[in-house]
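Visitor: pasting the sequence and the predicted model now:
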Amino acid sequence: MIIIGLGRFGVSVARSLVAMGQEVMAVDLDEARVQRYADEFTHVVQADSTDRDALEQLGVESFDKAVIGISNNVESSVMTALALVDYEIPDIWAKASTKTQGRILERLGVHHVVYPERAMGEQVAHMIVGGMTQYLEFDDDFAIARTMAYHEQWGKTFAETGVRAKYGVTIVGVKRIGEDFIYARPETLVQPQDELVVSGPTKNVEHFCALSKPKIARQPH
């Protein structure tokens, strides 16, 4: 795996891959960044990713996966992507800061374009408004979220509360403090402090999760 660009995104991806046992070659133009992470990743190299001679010296064509963590310099991002596509790397991921940059990368042949700041912003917004601790939305109006069981469910089974019929969502599983995750069944008894993993149409999931959000009383002025 080759990671090009050691900004916050590139470093985060590289660290996660290393933690998963993957070998990582990290590349950045900035010498200070290269020195900073020299002992953390498998190989850390100072190189200009827009320079095809430099990429050839790195043996970039031998990698089957590549991540482009450059987004603040659109020209460098595009030139790097074009080079990797020309080298026919089978699986290319790239960070984009704007939709325009993302569309350019996709048209060049990048297989996966991610918008980490926008995605994180959307997740945090849903968690703030909707009583969720984790949230994942898909393109086809489908979402999965993690939320606390609301008080009307306590001491009852899912069969008794009729969650699916009443709210149009599916409870995938339950996580209790100090216990392993369990898959939800109609006879599963919900306890206070249970966390639920819920899935379904986005609006239904948002509505269901909002039930667990504490009501904040307004203070008189």
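Guide: All right, it came through fine.
Visitor: Ala14 contacts Ile2, doesn't it?
Guide: No - between Ala14 and Ile2 there is no contact under CB atoms under 8 Å: 9.9 Å. Placement of C-beta: from N, CA and C, glycine included.
Visitor: any residues in contact with both of the two?
Guide: Both Ala14 and Ile2 are contacted by Val24, Ala26, under the criterion CB atoms under 8 Å, 6 or more residues apart in numbering.
Visitor: shaky segments in the chain?
Guide: Residue ranges of the chain with pLDDT under 70: 117-135, 139, 213-221.
Visitor: mind giving me the domain split of it?
Guide: 2-114, 120-210 (automatic domain parsing).
Visitor: what about the helices in this structure?
Guide: Along the chain, the stretches classed as helices by DSSP state H are 8-19, 31-36, 52-57, 74-86, 99-108, 116-130, 158-161, 163-167, 202-210.
Visitor: mind checking those helices for the one nearest to Pro186?
Guide: helix 158-161 (3.9 Å; CB to CB).
Visitor: any chance of the domains of the chain in a markdown table with mean neighbour count as columns?
Guide: As requested, these are exported to a markdown table (neighbours: other CB atoms under 10 Å):
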| stretch | mean neighbour count |
| --- | --- |
| domain 2-114 | 17 |
| domain 120-210 | 16 |
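Visitor: any idea how far the closest residue to Ile171 other than its chain neighbours is from Pro201?
Guide: Spatial nearest neighbour of Ile171, excluding adjacent residues (CB to CB, 6 or more residues apart in numbering): Ala184 at 4.2 Å. Using CB to CB, to the nearest Å, Ala184 is found at 18 Å from Pro201.
Visitor: what's near enough to touch Glu88?
Guide: Glu61 are the contacts of Glu88 under CB under 8 Å, 6+ apart.
Visitor: ok, now how distant is it from Ser62?
Guide: 11 Å.
Visitor: one more: Gly109?
Guide: 19 Å.
Visitor: so what's Ile104 up against?
Guide: Ile104 neighbours (CB under 8 Å, 6+ apart): Val74, Val78.
Visitor: begin at 59, not 1, for the rest of this chat.
Guide: Got it, first residue is 59 now, which makes that one Ile162.
Visitor: what's the distance between Asp238 and Val232?
Guide: Relative to Val232, and taking CB to CB, Asp238 is found at 10 Å.
Visitor: do the same with Arg243
Guide: From Arg243 to Val232 the distance is 9 Å (CB to CB).
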